[in-house]
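S.K.: Need coordinates for the following:
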Amino acid sequence: MSADFFDEGALVGVLTTQPLDRALDYRAPEGGCHLGAFVEVPLGPRKVLGVVWGTGEGGYDHSKVRQVIRVLDAAPMRAELRHFLQRAGEYTLTPLPAMLRLCTRAPGLGDPPSMRKVYRLGEAEPPRLTDARTRVLDVLREMGGLSLTLKELADAAGVTTSVVKGLVKLGAVREEESPRDTPFPRLDPAFGGKDLTEDQQAGAAALRAGLATDVYGTTLLRGVTGSGKTEVYLEAVAACLARGRQALVLLPEIALTAEFLTRVEARFGARPAEWHSGVTMTERRRVWKMVGEGHAQLVVGARSALFLPYQRLGLIVVDEEHDTSYKQEDGVLYNARDMAVLRAAICGARVVLASATPSLESWANAEAGKYDRIDLTARFGAAVMPRMRALDMRAEDLPANRWVSPGLQGAVRQRLERGEQALLFLNRRGYAPVTICRACGHQIGCDHCDARMVEHRFLKRLVCHQCGESKPLPEVCPSCEVEGKLAAVGPGVERLGEEVTALFPDARVAVLSSDMYGSARALKAEIESIAEGAADIIIGTQLVAKGHNFPLLTLVGVIDADLGLQGSDLRAAERTFQLMRQVAGRAGRADKPGEALLQTYQPEHPVIRAILGGEEEAFWRAEAAERRQAGVPPYGRMAGIILSSTDVQEVFDLGNAMARQDAPLRRIGAQVFGPAPAPIARVRGRHRVRLLVKADKGAALQPALAEWAGQFRLRGQLRMAIDIDPQSFY
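M.R.: From the prediction side, this is the model:
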């Protein structure tokens, strides 16, 4: 028996995806199995998925040990991935089975190789085009040559399977037999390189030099919006592929993938593998298998793509690395940016963290010399940075229940007259954030959460943005039952759209918000059409701040620049600065100059002044000095403990007991704050209490937290979540 192969009947330890605290012993199956093999094992009456994690513990009658049912048709999990899961679990205080589940989120992994019927675009034009037929053909065109099963195609188009079969008979759709999982087309690193500016060439050369050896390193690629960061890091991808290693590009939004995939195809001559929630289940299984077999050279995906079973990972790019969506806030609580650095360090890969407005953590690591840093200071080609100025709302004559100031109206009108686009930014989804009764003052809240319900007028419903609960818009007040007194208070993007349509009746207005589109594909299609000039005025939430390129857009108006400065979040200033700079950067990305106008009641606020002045390094240094003095991240360590239960007394009792019995934390010099009700104290019917732990930078926080939390048994409805390096404090 070799170190990584177990002969038939040998005792093996199998880690399953079930919530158990250890690997279980089984006998190796007929033909034996490799260390890391994906296997199916019996657990009670069920068959469950697992991975051969090592040698069994033994110490009992081997004849009573059950046998592995079978080894799955998948490449064994490599040692580096097993090590990564272990280290990531230790850092986030997550049990290994939960970490393993992150690695096996693809359907049908145990299915044997087989053929299936798939459907592609045919060559014939149907003699009669109905709406249903048009939707089917549109879906196939949007998929860019990818094949779909009958059910996937029918579901994506919103039609019955008979519509698809009818198009097959007419030759407009092709039905083919295809292997269930096929390799991705080869990408050619030398296919379509662009002419780069001097700045970009220097940046690309530095990244290529880092990829010349299989040695870990992280580079912060900071470039102003429109400077061509993507083209620079695609040169690093090309260098990685040329060395026969795999690359991963993480994007913060599904909506960004359509334009990015087009750029990848233009650069490498073929489309990469895609991994995110908008990908079909069939395609997810194919990506997982092909990544493990080395037949997918480049993966473009969301944060969970970090847990795919790469064979020879050489490069991870985290685009818009500052984006908060890289932090998973439920289940396993991890930050994909930090986990990317950990995974790369284990497998000898390089990391590129790309952003126009880096996180303070990444900026500080570059300042300390832990990360290399590359700066792109000028926009690509003829484009120049937009001019930025504040509109002091104290001096604007604005009627009640109106939000677009006369100054901003005039600027929008100028753009419309010149045939250019304007973007109005408001980081609030829905129609209005609060619905109040003018008779009794009651504000309509969620039945299951301590949160106000947001009116979504296009849905004709009130929606809770915490738990997703929705209810029809009421005619009478649920408290005093008076009719006709309910009023929407404050603006959301839908209400802003209504106001803009009234102000500019001849303009084509598009509202971009993630909850207004039925699918990621529909949202991507809308963004593409806007980029081609299908709208004059775009109204959007933070979705529009992320990487989109609208060539005709020359004006950005921020409706409420003060919104993010409220509250006690330690990252409030940083996030406001990032968001404002990012959204302003959408303007003037082609040959026409851009302008960004910020409506604010606090033009003298230090963050607003920093945004307008463009003194980014000065802002980071001032923010870093404040954080260092307070001993908070990135110059100190924090962990959030969220306790929840259906019984409010039970959850407070546990919180108070934890605060009293904090000896393991005091031994490392950590402080415990709380318990206190969470800002949103009830979500989905569960009462929530928070404790916050603060420690020095070098403190061994995780072992102390594990010992501290281990003193308490959670009974009944009590739940505890530990969030290392919390990003939000709701």
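S.K.: Just name the shakiest helix or strand of the protein by mean pLDDT.
M.R.: Of all the helices and strands that make up the chain, helix 520-531 has the lowest average by mean pLDDT, DSSP states H and E, namely a mean of 78.
S.K.: For this structure, which residues score under the pLDDT cut-off?
M.R.: Flagging of the chain using pLDDT under 70 yields the residue ranges 1-2, 144-146, 255, 379-385, 515-521, 546-548, 566-568, 588-591, 730.
S.K.: What is the three-state secondary structure of Ile436?
M.R.: strand (DSSP: H, G, I helix; E, B strand; the rest coil).
S.K.: Just to check, it is in contact with Leu486?
M.R.: Yes - if you go by CB atoms under 8 Å, Ile436 and Leu486 touch, sitting 7.4 Å apart. Where you see a C-beta, it was placed from the backbone N, CA and C, and this is true even at glycine.
S.K.: other SSEs contacting the helix or strand harbouring Ala622?
M.R.: Element membership of Ala622 [criterion: DSSP states H and E] is helix 616-630. Judged by 3 or more CB pairs under 8 Å, 6 or more residues apart in numbering; DSSP states H and E, the packing partners of helix 616-630 are helix 360-367, helix 572-584, helix 606-613.
S.K.: Give me the buried positions along the first one.
M.R.: Neighbour counts over helix 360-367 (16 or more other CB atoms under 10 Å) mark Leu360, Glu361, Ser362, Trp363, Ala364, Asn365, Ala366, Glu367 as buried.
S.K.: Name the residues that touch the next helix or strand after that helix?
M.R.: Proceeding N to C from helix 360-367, the next assigned helix or strand is strand 372-376, under DSSP H and E. Residues outside strand 372-376 that contact it (CB atoms under 8 Å, 6 or more residues apart in numbering): 199-200, 202-203, 206-207, 210, 217-224, 227-229, 232, 366.
S.K.: Can you tell me the SS state at the nearest residue to Gly31 once chain neighbours are set aside?
M.R.: In space, and not counting its chain neighbours, Gly31 is closest to Glu8: 6.3 Å by CB to CB, 6 or more residues apart in numbering. Under three-state DSSP, the three-state class of Glu8 is coil.
S.K.: For Leu100, which residues are in contact?
M.R.: By CB under 8 Å, 6+ apart, Leu100 lies in contact with Leu15, Thr16, Thr17, Val51, Leu85.
S.K.: For Val168, state which of the buried residues of helix 360-367 is nearest.
M.R.: Ser362 (51.3 Å; CB to CB).
S.K.: The closest one: what's it in contact with?
M.R.: Going by CB under 8 Å, 6+ apart, Ser362 touches Leu220, Glu321, His322, Arg337, Leu353, Ser355, Tyr371.
S.K.: The stretch 601-730 of the chain: strands as residue ranges?
M.R.: Remark: strands assigned in the stretch 601-730 of the chain by DSSP state E, counting those that start in this stretch are 636-645, 671-683, 686-696, 719-724.
S.K.: need those strands in JSON lines with mean neighbour count, can you?
M.R.: Shown next, in JSON lines, are the strands of the stretch 601-730 of the chain (neighbours: other CB atoms under 10 Å):
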{"stretch": "strand 636-645", "mean neighbour count": "22"}
{"stretch": "strand 671-683", "mean neighbour count": "17"}
{"stretch": "strand 686-696", "mean neighbour count": "21"}
{"stretch": "strand 719-724", "mean neighbour count": "18"}
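S.K.: So which of those strands is nearest Ser304?
M.R.: Taking CB to CB, strand 719-724 is the member of the strands of the stretch 601-730 of the chain nearest to Ser304, at 18.0 Å.
S.K.: hmm, back to that, can you say which two of the contacts of Ser362 are spatially most distant?
M.R.: Spanning the widest gap among the contacts of Ser362 are His322 and Tyr371, at 13.8 Å by CB to CB.
S.K.: For the two, indicate the residue with more neighbours.
M.R.: Neighbours per residue, other CB atoms under 10 Å: of His322 and Tyr371, the larger number sits with His322, 24 against 19.
S.K.: Tell me the secondary structure of that one, please.
M.R.: Secondary structure, three-state DSSP: His322 is coil.
S.K.: I'd say it and Asn335 touch.
M.R.: No - His322 sits out of contact with Asn335 when judged by CB under 8 Å, with a separation of 11.3 Å.
S.K.: The strands of the stretch 601-730 of the chain: which one's closest to Phe458?
M.R.: strand 671-683 (24.9 Å).
S.K.: what's the angle from the closest one to strand 636-645?
M.R.: Orientation check (axes from the mean of the first three to the mean of the last three CA atoms, to 10 degrees): strand 671-683 against strand 636-645 gives 40 degrees.
S.K.: End to end on stretch 209-229, go ahead and measure it.
M.R.: Stretch 209-229 stretches 17 Å from its first residue to its last (CA to CA, to the nearest Å).
S.K.: what about it, distance to the chain center?
M.R.: Relative to the chain's own centre, stretch 209-229 is displaced by 21 Å; criterion: CA atoms, centre = their mean, to the nearest Å.
S.K.: cool, and stretch 540-559?
M.R.: Counting by CA atoms, centre = their mean, stretch 540-559 is centred 19 Å from the centre of its parent chain.
S.K.: Name the residues of it that are buried.
M.R.: Buried residues in stretch 540-559, counted by 16+ other CB under 10 Å: 540-548, 550-559.
S.K.: Stretch 688-704: end-to-end distance?
M.R.: So stretch 688-704: terminal residues 23 Å apart, CA to CA.
S.K.: now it, how far from the chain's geometric center?
M.R.: The chain centroid and the centroid of stretch 688-704 are separated by 25 Å under CA atoms, centre = their mean.
S.K.: And stretch 142-160, by the same measure?
M.R.: Mean-position distance between stretch 142-160 and its chain equals 25 Å (CA atoms, centre = their mean).
S.K.: Of all the residues in that stretch, which ones are buried?
M.R.: Neighbour-count burial for stretch 142-160, counted by 16+ other CB under 10 Å, picks out Met143, Leu146, Ser147, Leu148, Thr149, Leu150, Glu152, Leu153, Ala154, Ala156, Ala157, Val159.
S.K.: nearest to Ala238, of these?
M.R.: Leu146 (23.3 Å).
S.K.: roughly how far out does the helix holding Ala622 sit from the chain middle?
M.R.: Relative to its chain's centre, helix 616-630 lies at 26 Å (CA atoms, centre = their mean).
S.K.: by how many degrees do it and helix 606-613 diverge?
M.R.: Comparing the axes of helix 616-630 and helix 606-613 via the same axes, to 10 degrees yields an angle of 160 degrees.
S.K.: Helix, strand, or coil at the closest residue to Gly171 other than its chain neighbours?
M.R.: Distances taken as CB to CB, 6+ apart place Ala124 nearest to Gly171, at 3.3 Å, with adjacent residues excluded. Secondary structure, three-state DSSP: Ala124 is coil.
S.K.: Cheers, nothing more for now.
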